[in-house]
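> kindly generate the corresponding structure for this input.
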Amino acid sequence: MPIINRIAEFHADMTEWRRDLHAHPELSMHEARTSAVVQERLRAFGVDEIITGMAVHGVVGVIRNGTSDRAIGLRADMDALGIVEETGLPYASQTPGVMHACGHDGHTAMLLGAAKYLAETRNFDGTVYLIFQPAEEFEAGADKMVQDGLFTRCPMEKVYGLHNWPQAPAGTFLWRAGPVMAAVGWFEITVTGTGSHGAFPHMGVDPIVVSAQIINALQTIVSRNVEPIQGGVVSVGHIIAGDAPNIIPERVFMKGTARWFLPEVGDVIEAGIRRLATGIAASFGAQAEVKFSRHAPATINDEEATTLAVKAATATAGEARIRHMGAPTMGGEDFAFMLNAKRGSYLMLGGGRGPAEKLLHNPGYDFNDEILPVGASWWATLVEQQLPR
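Sure, this is the predicted structure:
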């Protein structure tokens, strides 16, 4: 992979940074240690300014050079997931029930690598904002940083993000102009019936049976209410009900996610979840309470910014390793909030783990350290190409 030679020289350092972060994961809005480590590294690299306090643990490193008033932003996320790690690695999570199962440790290490190179070489004319964002998985940290004045305090022309993509060959870049990732919604449904002994179901209202009907019915929202070419997803991923095998509980609690691209499809999905849950519960003599929240809008890449992102990717990895995404993914990203406020683009970087290996949000997942210098080189190349001396 034709990466920047100087960045390749400290590949081992980036690997060490990444594995340290992996061993000490922190959930959304709890990234105190991670934030402190990032600040310590940026100070050691000699960046010109470190801005803190946005979205509580957000960090922005600022590097200036020359006389131009042009500026570019580079963003990485820092938070981990509530998953019990099963990798058995020497640097596995030391925090019970929390792990970096999405590669944010790698994203942070790559941006730190770019920061070290850019602060050292300063082969650009203008200002670089290195954005280390908390709370991507939950709590919409990108939105919080924007609301806290990110683009006012750090005026930049464009902002760029990068995510590892394990199922693509290592070192390949995947790109797409327009929609690249779906909007994200979360829902909670509480079904309340009347508890009874399992041997006497006629003496109660079984919320488990009601919930089963609701779960099945939710799958008709997209298939029968959304135009097929528009796309959408409704999935229940968490259910809690009862304590004993012979007792019908009073309540069932379930949580799930919804995905869409067009705002009007999100409206249809939300209305459908509310209508079906409450209506089905009422038809059985039970009650359903529905909570629906929208985590992030669709991630939509600016066409011009994406062209520039692909140009830098081609210079970094070679034309043979650049691949167009024929269709967007139903995964979601709160980087969408930054792209709603500022032109920019979001690319995928192949991790080479493949579908036979453990993929994102999996207890067996681990970031591929071989691609660290590739991502760092791409970010550095973006700066040098867009802010030429």
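
> can you classify G88 by secondary structure?
On the three-state scheme (DSSP: H, G, I helix; E, B strand; the rest coil), G88 is labelled coil.

> just give me the neighbour total for it.
For G88, the tally of surrounding residues (other CB atoms under 10 Å) stands at 7. (Glycine included, C-beta is placed from N, CA and C.)

> got it, and the one 10 residues further on?
By the criterion of other CB under 10 Å, V98 has 20 neighbours.

> and the gap between it and D105?
Here V98 is placed at a distance of 12 Å from D105 (CB to CB, to the nearest Å).

> anything in contact with each of these two?
Shared contacts of V98 and D105, defined by CB atoms under 8 Å, 6 or more residues apart in numbering, comprise 25, 80.

> what segments of the stretch 51-200 of the chain are helices?
Using DSSP state H, counting those that start in this stretch, the helices of the stretch 51-200 of the chain run over 104-121, 141-147, 150-153.

> check the protein for its longest helix and report it.
helix 263-283 (DSSP state H).

> low-confidence stretches in this protein?
For the chain, residues meeting the criterion pLDDT under 70 lie at 1, 356-357.

> closest to the centroid, which residue in it?
The structure's the chain has its C-alpha centroid closest to E333; by CA atoms, centre = their mean the separation is 4.4 Å.

> before we move on, back to that, what's the closest of the helices of the stretch 51-200 of the chain to P297?
Judged by CB to CB, the one of the helices of the stretch 51-200 of the chain that comes nearest to P297 is helix 141-147, at 9.5 Å.

> C-alpha coordinates for that closest one, PDB please?
Extracted as PDB, the C-alpha positions of helix 141-147 are listed here (Å, rounded to 0.1, in the frame of the first residue of the first chain):
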ATOM      1  CA  GLY A 141     -22.100  13.300  20.300                       C
ATOM      2  CA  ALA A 142     -21.700  14.800  16.800                       C
ATOM      3  CA  ASP A 143     -24.900  16.800  17.300                       C
ATOM      4  CA  LYS A 144     -23.800  17.800  20.700                       C
ATOM      5  CA  MET A 145     -20.500  19.100  19.300                       C
ATOM      6  CA  VAL A 146     -22.300  21.100  16.600                       C
ATOM      7  CA  GLN A 147     -24.700  22.500  19.200                       C
END
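
> ok, residues contacting it?
The contact list for helix 141-147, computed with CB under 8 Å, 6+ apart, reads 28-29, 54-56, 58, 75, 77, 79, 131, 133-136, 296, 334-338, 341.

> can you do 7 Å?
Here helix 141-147 makes contact (CB atoms under 7 Å, 6 or more residues apart in numbering) with 28, 54-55, 58, 133-136, 334-335, 337-338, 341.

> between the residues you listed, which sits nearest V374?
Taking CB to CB as the measure, V374 lies nearest F335 of these, at 19.3 Å.

> what about that closest one, distance to Q287?
Using CB to CB, one gets 38 Å for the distance from F335 to Q287.

> between the two, who's got more neighbours?
F335 (27 against 17).

> quick check: phi and psi on that one?
When read as degrees, to the nearest 10, the backbone of F335 gives phi -60, psi -20.

> ok, N340 - contacts?
The contact partners of N340, taken as CB under 7 Å, 6+ apart, are P297.

> again, only using 10 Å
By CB atoms under 10 Å, 6 or more residues apart in numbering, the contact set of N340 is 142-143, 146, 296-300.

> distance to I239 and neighbour count added to these, as CSV?
CSV is the format used below for the contacts of N340 (distance: CB to CB, whole Å; neighbours: other CB atoms under 10 Å):
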residue, distance to I239, neighbour count
A142, 30, 30
D143, 29, 20
V146, 34, 20
A296, 24, 21
P297, 28, 22
A298, 28, 24
T299, 29, 30
I300, 33, 21
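
> what's the closest of those to P166?
Within the contacts of N340, distances to P166 taken as CB to CB reach their minimum at T299, with 18.5 Å.

> roughly how far is the longest helix of the chain from the heart of the chain?
26 Å (CA atoms, centre = their mean, to the nearest Å).

> in terms of helices and strands, where is A12?
helix 11-23 (DSSP states H and E).

> may I have that helix exported as CSV, CA atoms only?
Presented in CSV, the C-alpha positions along helix 11-23 are these (Å, rounded to 0.1, in the frame of the first residue of the first chain):
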residue,chain,number,x,y,z
HIS,A,11,3.2,2.5,12.6
ALA,A,12,4.3,0.7,15.7
ASP,A,13,3.5,3.7,17.8
MET,A,14,-0.1,3.9,16.3
THR,A,15,-0.5,0.2,17.1
GLU,A,16,0.5,0.8,20.7
TRP,A,17,-1.9,3.8,21.0
ARG,A,18,-4.7,1.8,19.5
ARG,A,19,-4.2,-1.3,21.7
ASP,A,20,-4.0,0.9,24.8
LEU,A,21,-7.4,2.5,23.9
HIS,A,22,-8.8,-1.0,23.2
ALA,A,23,-7.8,-2.2,26.7
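
> just give me the longest strand of the protein.
Secondary structure assigned by DSSP state E gives strand 178-192 as the longest strand of the chain.

> in that one, what counts as buried?
For strand 178-192, the neighbour count (16 or more other CB atoms under 10 Å) marks 179-185, 187, 189-192 as buried.

> if we can go back for a sec, what residues of the longest helix of the chain count as buried?
Neighbour counts over helix 263-283 (16+ other CB under 10 Å) mark 265-266, 268-270, 272-274, 276-278, 280-281 as buried.

> and if you look at stretch 350-366?
By neighbour count on 16+ other CB under 10 Å, the buried set for stretch 350-366 is 350-353, 358-360, 362, 364-366.
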